[in-house]
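Engineer: Requesting a structural model of the entry that follows:
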Amino acid sequence: MINGAEIPKKMLSLDAFSQWLGIEIVEVREGYCKVKMTVRKEMLNSMKKAHGGITYSLADTAFGFATNTFGNKAVSIETSINHVEALVEGDVIVAESDVKSQKNKLGFYIVEVKKEDQLVALFKGVTYKTSAKWE
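Structural biologist: Predicted coordinates for the structure are as follows:
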């Protein structure tokens, strides 16, 4: 079995979409993952603001990485996001996913997406931990 802190690195190496987003892993520990990325021109909507899917995708990636640090393969079963502030090209955003409750099979997480110290999105997620282990 692979070390829990190494699992997000393995996941990122297999995740073409997160690589396209330019996501970098900043910090990992059990039940926690911090990632960052820069908003690029091709991520903007018709109003020249970051498409809502960009902050969602960053938060979802942090969430997925954090949920898998326990060693078992985990999948999301419910997520939601609140968009608080608009983003523009060049903004560097960071998502921190932290476990709030991890039961036998279900985990509950909060992900804060920030630009510097400003909250730009709040993501909530529920995960299901499978019996399959990361190799």
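Engineer: ok, residues contacting the biggest strand by length in the chain?
Structural biologist: Using DSSP state E, we find that the single longest strand of the chain is strand 118-133. Contacts with strand 118-133, where a contact means Cβ atoms under 8 Å, 6 or more residues apart in numbering, come from 1, 55-56, 59-60, 63, 67, 70-87, 93, 95, 97, 102, 104-114. Glycine gets a C-beta too; all of them are placed from N, C-alpha and C.
Engineer: With only the CA atoms kept, save the top helix by length along the chain in CSV.
Structural biologist: Identified as the longest helix of the chain according to DSSP state H is helix 52-67. Only the C-alpha atoms of helix 52-67 are listed here, as CSV (Å, rounded to 0.1, in the frame of the first residue of the first chain):
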residue,chain,number,x,y,z
GLY,A,52,-17.5,29.0,-12.2
GLY,A,53,-16.3,25.5,-13.2
ILE,A,54,-12.7,26.6,-12.6
THR,A,55,-13.1,27.2,-8.9
TYR,A,56,-15.4,24.2,-8.7
SER,A,57,-12.7,22.0,-10.4
LEU,A,58,-9.9,23.3,-8.2
ALA,A,59,-12.0,22.7,-5.0
ASP,A,60,-13.1,19.3,-6.3
THR,A,61,-9.5,18.2,-6.9
ALA,A,62,-8.4,19.3,-3.4
PHE,A,63,-11.4,17.4,-2.0
GLY,A,64,-10.7,14.3,-4.0
PHE,A,65,-7.0,14.3,-3.0
ALA,A,66,-7.8,14.8,0.7
THR,A,67,-10.4,12.1,0.8
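Engineer: tell me what it is packed against?
Structural biologist: helix 7-13, helix 16-21, strand 24-29, strand 32-38, strand 72-83, strand 92-102, strand 106-115, strand 118-133 (3 or more Cβ pairs under 8 Å, 6 or more residues apart in numbering; DSSP states H and E).
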